[in-house]
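**Student:** Kindly generate the corresponding structure for this input.
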Amino acid sequence: MLIDVPRGLNGVAVTDTMIGDVLGDEGRFHYRGHDAADLARTRSFEEVWHLVAVGHLPDAAELAAFTARVSAARTVPPTLVGLLEPLARASGPTLGRIRAAVSIAADDLGLRPLLDLTPGERADQALDLAAAMPAIVAALHRASLGEAPVVPDADLGTAGAYLQMVNGKRPTADEARALEQYLSLTIDHGFNASTFTARVVASTGADLADVVGAALGALNGPLHGGAPSRALDALDAIGDPGRAPGVVETWVEAEMAAGRRIMGFGHPVYRAPDPRSGVLREVAESIGGDLVERAVEIERHILEALVRAKPDRPLPSNVEFYAGVVMAGAGLSRSMFTPTFAVSRTIGWCTHAVEQAADGKLIRPSARYVGPDLAR
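**Tutor:** Prediction:
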């Protein structure tokens, strides 16, 4: 007997999880009972990673051991090194090249089907892949520029090391902290499209390279992971909001009339303001500069225009609006925005895969057939 559910599975609980939850009506989300916005403001990325992946916030000794383990695993898998240049030259989206790189790296990382692993082995492989992801993404980017991979300074945390591996120079403490807060906010966020995809693949017993590769495919869609750069494109299209009265409102009206989404506003879950947006606005304002000032002013005008256009449908700023501003302020190019999102979200995907593998149930829904009747 089929059960009718809303399109897109909106509001349908498909399984239980202990990893985190999104409280859309309250404008809050958490990792294992800890408010994620507060974590981003007060904790290091490695502390938040430990909480999500291991299950609790680490004490000083646990944090030191975890940080050392992550740092040791933050390397480009050897087999991949010789293939960076041809991969970087390949056509297609950046996430497609990252998917290929993850598949190539699977053997060096010793990834085996989740079905064949013990719980401890699954956790170890999840950490190894998530720790290697910043090095893989950064090395591919540098190869696309004709440059060699960079070995980061040993004293840098994940965010600072990633920036050094991408840009070839040691970031400032402010740049590293800004990116660290962004990464902490994007490790996990409910059963979004890529996370659900990861769990579906994990339910088959596949290995973590398959899990992350499939999740990257979902993330490649512009409605999921591509919005930060598009939100920044919108700021460029609008320009200086003070150059003429109503310029922002005119742009919003034109976009809506053309049936285009206003990237960076509205969310399928949040009805209250997206807490990630609030934290990232704070981070952006701490960076300062012309781009930040324009973003704050344009955000205000867009929100006012959306309230007038859709008074019955709240469309607050979401994480994508300030994400691009923060990543640009930390020294990342727009082409690296979505790959950087993938760096942090790999932790969430792998943690969900481990949880799903422990469940042992294959995800196999049905569809209601509405085509022609069977010929007789």
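
**Student:** Tell me how far residue 151 lies from residue 48.
**Tutor:** Applying Cβ to Cβ, to the nearest Å, the value for residue 151 to residue 48 is 25 Å. Quick note: C-beta positions are derived from backbone N, CA and C, even for glycine.

**Student:** give me the low-pLDDT residue ranges for the protein?
**Tutor:** Where the chain drops to pLDDT under 70, the residues are 225-228, 270.

**Student:** biggest helix in it, by residue count?
**Tutor:** For the chain, the helix that runs over the most residues, judged by DSSP state H, is helix 119-144.

**Student:** helices or strands up against that helix?
**Tutor:** Counting contacts by 3 or more Cβ pairs under 8 Å, 6 or more residues apart in numbering; DSSP states H and E, helix 119-144 packs against helix 45-54, helix 60-73, helix 78-81, helix 84-89, helix 94-108, helix 158-167, helix 208-219, helix 337-359.

**Student:** That helix vs helix 208-219, what angle?
**Tutor:** Per axes from the mean of the first three to the mean of the last three Cα atoms, to 10 degrees, the angle that helix 119-144 makes with helix 208-219 is 60 degrees.

**Student:** So residue 151 and residue 48 - more neighbours on which side?
**Tutor:** Shown here are residue 151 and residue 48; by other Cβ atoms under 10 Å, residue 48 has more neighbours (26 against 13).

**Student:** Pull the contacting residues for residue 114.
**Tutor:** 122, 202, 205-208, 211, 353-354, 357 (Cβ atoms under 8 Å, 6 or more residues apart in numbering).

**Student:** give me that answer again for 10 Å
**Tutor:** 121-122, 125-126, 201-208, 210-211, 353-354, 356-358, 360 (Cβ atoms under 10 Å, 6 or more residues apart in numbering).

**Student:** Now residue 195: which helix or strand?
**Tutor:** Using DSSP states H and E, residue 195 falls within helix 193-202.

**Student:** by contact count, what packs against that helix?
**Tutor:** helix 208-219, helix 337-359 (3 or more Cβ pairs under 10 Å, 6 or more residues apart in numbering; DSSP states H and E).

**Student:** what's the following helix or strand after the shortest one?
**Tutor:** Read it as helix 208-219. Next helix or strand after helix 208-219 toward the C-terminus (DSSP H and E): helix 227-238.

**Student:** I'd like the distance from that next one to the chain centre, please.
**Tutor:** Distance of helix 227-238 from its chain centroid, counting by Cα atoms, centre = their mean, to the nearest Å, is 18 Å.

**Student:** downstream neighbour of it in the secondary structure list?
**Tutor:** Later in the chain than helix 227-238, the nearest helix or strand by DSSP H and E is helix 247-257.

**Student:** Only the buried residues of the helix or strand following that next one, if you could.
**Tutor:** Downstream of helix 247-257, the next assigned helix or strand under DSSP H and E is helix 275-287. Using 16 or more other Cβ atoms under 10 Å as the test for burial, helix 275-287 gives 275-281, 283-284, 287.
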